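1. Pasting the sequence and the predicted coordinates here, then a few questions.
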Amino acid sequence: DTGVSQDPRHKITKRGQNVTFRCDPISEHNRLYWYRQTLGQGPEFLTYFQNEAQLEKSRLLSDRFSAERPKGSFSTLEIQRTEQGDSAMYLCASSPPWAGDGYTFGSGTRLTVV
Amino acid sequence: DQQVKQNSPSLSVQEGRISILNCDYTNSMFDYFLWYKKYPAEGPTFLISISSIKDKNEDGRFTVFLNKSAKHLSLHIVPSQPGDSAVYFCAASVGGGSQGNLIFGKGTKLSVKP
């Protein structure tokens, strides 16, 4: 297993367009997380799944954002009607049920909204 | 309101000397703390963690100290090496590591000079 994979690595989009990111977690990890990181800040929690169930969503996740994890494997994060403030690094991570020794993060998808 | 604070944006240390990175938190409910290291264009990688029932945890050159009364933790790197140059994030969670939501600080950029 090569770790957590995110696609694409970079995305440039025009304001108002929709974008979708994909995350493939480590296969034996049943938890999957999405975080967002802007310049000069630490990662901010967006949402997480245990298997296919979305267990928690941050208030940062506006109604323009939707995440899915069909069949409890890969996950997608969609942003509708993108705004310039959505420009950030979107990080995916996965973990076994006990996340105590840390998640494994992917390398992220950098979104630039122009 | 930032619950996890890393008040030093940067730190410069000579190779071979000790690096001390500090982190303060405000939420008394936090009971698990982690340090992550991040290189440019990569996701954060887990370094070391500590439960609130301990006050010290060591792993090779890395030691984390927890002072619950002061709501303060620190990461010591001895001896520091040029390869340690990265951004270090402190993170905290509620639920002893079993919960999904990590709260991160803004990070401290460590530069280790040869």
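-> Received it, and whenever you're ready, just let me know what you need.
2. For the spatially closest residue to B:P44 that is not a sequence neighbour, pull up the helix or strand it's in.
-> The shortest distance from B:P44 to any non-neighbouring residue, by CB to CB, 6 or more residues apart in numbering or on different chains, is to B:Y36 (3.8 Å). All C-beta atoms are positioned from the backbone trio N, CA, C, and that covers glycine. Using DSSP states H and E, B:Y36 falls within strand B:32-38.
3. Name the next helix or strand downstream of that strand, please.
-> Defined by DSSP H and E, the subsequent element after strand B:32-38 is strand B:45-51.
4. which residues of chain A fall in helices?
-> With DSSP state H, there are no helices along chain A.
5. ok, what's across the strand from the residue nearest to B:P44?
-> With DSSP bridges as the criterion, B:Y36 is bridged to B:F46, B:F89.
6. Pretty sure it sits against B:L47.
-> Yes: with contact defined as CB atoms under 8 Å, B:Y36 reaches B:L47; the gap is 6.1 Å.
7. Which one of these two is surrounded by more residues?
-> B:Y36 (26 against 18; other CB atoms under 10 Å in any protein chain shown).
8. okay, now the residue lying closest to A:S66 once chain neighbours are set aside: neighbour count?
-> In space, A:S66 comes closest to A:E78 once its chain neighbours are excluded; the distance is 5.0 Å by CB to CB, 6+ apart. Around A:E78 there are 13 other residues, counting by other CB under 10 Å.
9. do A:G3 as well
-> 13.
10. List, one by one, the residues from chain A near chain B.
-> Contact residues (CB under 8 Å from any CB of the partner chain) of chain A with chain B: A:4, A:31, A:33, A:40-45, A:48, A:50, A:55-56, A:58, A:91, A:93, A:97-108.
11. List the residues that contact the closest residue to A:C23 other than its chain neighbours.
-> Distances taken as CB to CB, 6+ apart put A:C92 closest to A:C23, at 3.4 Å, once the chain neighbours are dropped. Residues in contact with A:C92 (CB atoms under 8 Å, 6 or more residues apart in numbering or on different chains) are A:4, A:6, A:21, A:23, A:25, A:32-35, A:75, A:77, A:105-106, A:108.
12. The helix or strand of chain A with the lowest mean pLDDT pairs with which strands?
-> When each helix and strand of chain A is scored by mean pLDDT, DSSP states H and E, strand A:53-57 comes last, with a mean of 90. When sheet partners are counted by DSSP bridges, strand A:53-57 sits next to strand A:44-50 (antiparallel).
13. Spit out the contact partners of the spatially most central residue of chain A.
-> For chain A, the residue nearest the mean C-alpha position is A:W34 (3.3 Å; CA atoms, centre = their mean). Applying CB under 8 Å, 6+ apart to A:W34 gives the contacts A:C23, A:L46, A:T47, A:Y48, A:A67, A:S75, A:L77, A:Y90, A:L91, A:C92.
14. Do you have the strands of the chain handy? List them.
-> All of this refers to chain A. Assigned by DSSP state E, the strands in chain A fall at A:5-7, A:10-13, A:19-24, A:31-37, A:44-50, A:53-57, A:65-68, A:75-79, A:88-95, A:104-105, A:109-113.
15. Wait, chain B was what I had in mind.
-> B:4-5, B:10-14, B:19-25, B:32-38, B:45-51, B:56-59, B:62-67, B:72-77, B:86-93, B:103-104, B:108-113.
16. With distance to A:R15 added, can I get those strands in CSV?
-> Below are the strands of chain B laid out as CSV (distance: least, CB to CB, whole Å):
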stretch, distance to A:R15
strand B:4-5, 32
strand B:10-14, 33
strand B:19-25, 36
strand B:32-38, 28
strand B:45-51, 33
strand B:56-59, 45
strand B:62-67, 43
strand B:72-77, 40
strand B:86-93, 29
strand B:103-104, 28
strand B:108-113, 31
